[in-house]
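Engineer: from the sequence below, what's the structure:
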Amino acid sequence: MDQNTGDGERPAGPADTGWLAARFEADRPHLTAVAHRLLGSAAEADDAVQEAWLRAARADIGEVANLTGWFTTVVTRVCLNLLRSRRTRREEPFAPQQPEQQGPVAGGEGADPVREALLADEVGVALLVVLDTLGPAERVAFVLHDLFAVPFDEIAPLIEKTPAATRQLASRARRRVRGRAPGPGDDRGRMREAVEAFLAATRQGDFAALFALLDPDVVLHADRLVVPTPEPVTVRGAEPVARGAMAAVARARFTGLALLDGGVGLVMAPFGRPRLVLAFTFEAGRITAIEVIAEPERLGRIEIGVLPAEGPTVVPPVLPPAPQAEG
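Structural biologist: Predicted coordinates:
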């Protein structure tokens, strides 16, 4: 078997730890991307990649032809173990508090909320939310195949399934990710533009831009857990609704576009866990109503999906067959 990885000669004889560490560091961005999509947390992804390095440093890599793929296999196995452990001892749900109040504990020890928010933006808040609803094998099958172009016959050994069963898992996950089809007469393109503009104006604190998106008689309904308050809140009129959005700048950094029961809306999901959604009603190109939902029972009844990408997706190199060296 060819011992050259294609990006530098491998030292002869036993693996040189310094050379292996350099190769691992070169692949770290790719490995972190895989781990983050599998786990949904930047802090947990960093831990998984570090654990993968400890395993790699102890392994016999003499017969490994493609180290990038082998590293990816090791990271996937570490993540799969974490996902299975998470499934058996499901974390306690978030208390109804603001994301800026959560601190590191909510996203795992050492979590950086700003970095988590940036990575969530990169991946897509809605995608992280949907991935969190999938079982471990389903999540691995979908992420590796649909996001990283890994063939099913190479994923199957990792999740102890046949290639056909792995394909079915990914297909089922794909349907969940796509969400409900649009209703008759829905114009997703115009709705998307308006919701994107609403989110951008909120993040930038641009009152004038927000005000221009709202119908003069817009009505906002928020359930009692949104603020929170003893009773639901109703706000009427473009000016007070826009001013209320100005107070939600911190929340907006954890918020992204999503399909909500087939319509375009926003989901706020710090660390990939849905905390509230904003559903919009449009008339004549303006927002006439906003429903803000944070009550867990109501959130659980909303089908959250991912808006289709507007451009081509670039995927990293394909993962080779899982080797035996890692043990």
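
Engineer: where does the chain dip in pLDDT?
Structural biologist: Along the chain, segments meeting pLDDT under 70 span 1-16, 87-111, 181-186, 309-327.

Engineer: and the residue nearest in space to the middle of it, what does it touch?
Structural biologist: Nearest to the mean C-alpha position of the chain, counting by Cα atoms, centre = their mean, stands L128 at 2.3 Å. Residues near L128 by Cβ atoms under 8 Å, 6 or more residues apart in numbering: 40, 120, 269, 272. C-beta here means a position set from N, CA and C on the backbone, and glycine is covered the same way.

Engineer: can you count the residues close to the last one?
Structural biologist: This points to G272. Residue neighbour count, defined by other Cβ atoms under 10 Å, stands at 22 for G272.

Engineer: surely it meets V129?
Structural biologist: Yes: counting by Cβ atoms under 8 Å, V129 is a contact partner of G272 at 6.2 Å.

Engineer: what distance do you get for the closest residue to R23 other than its chain neighbours to M246?
Structural biologist: Spatially, and ignoring its direct neighbours in sequence, R23 is nearest to L67 (5.6 Å; Cβ to Cβ, 6 or more residues apart in numbering). L67 sits 50 Å away from M246 when distances are taken as Cβ to Cβ, to the nearest Å.

Engineer: more neighbours: those two, which one.
Structural biologist: Shown here are L67 and M246; by other Cβ under 10 Å, L67 has more neighbours (22 against 13).

Engineer: pretty sure that one contacts A59?
Structural biologist: No: using Cβ under 8 Å, L67 makes no contact with A59, being 10.8 Å away.

Engineer: before we move on, the earlier item: the residue nearest to the centre of the chain falls within a strand, correct?
Structural biologist: No: under DSSP: H, G, I helix; E, B strand; the rest coil, L128 falls outside any strand and is assigned helix.

Engineer: for P308, helix, strand, or coil?
Structural biologist: Of the three states, P308 takes coil according to three-state DSSP.

Engineer: which phi and psi does A284 have?
Structural biologist: Backbone geometry at A284, expressed as degrees, to the nearest 10, gives phi 50, psi 40.
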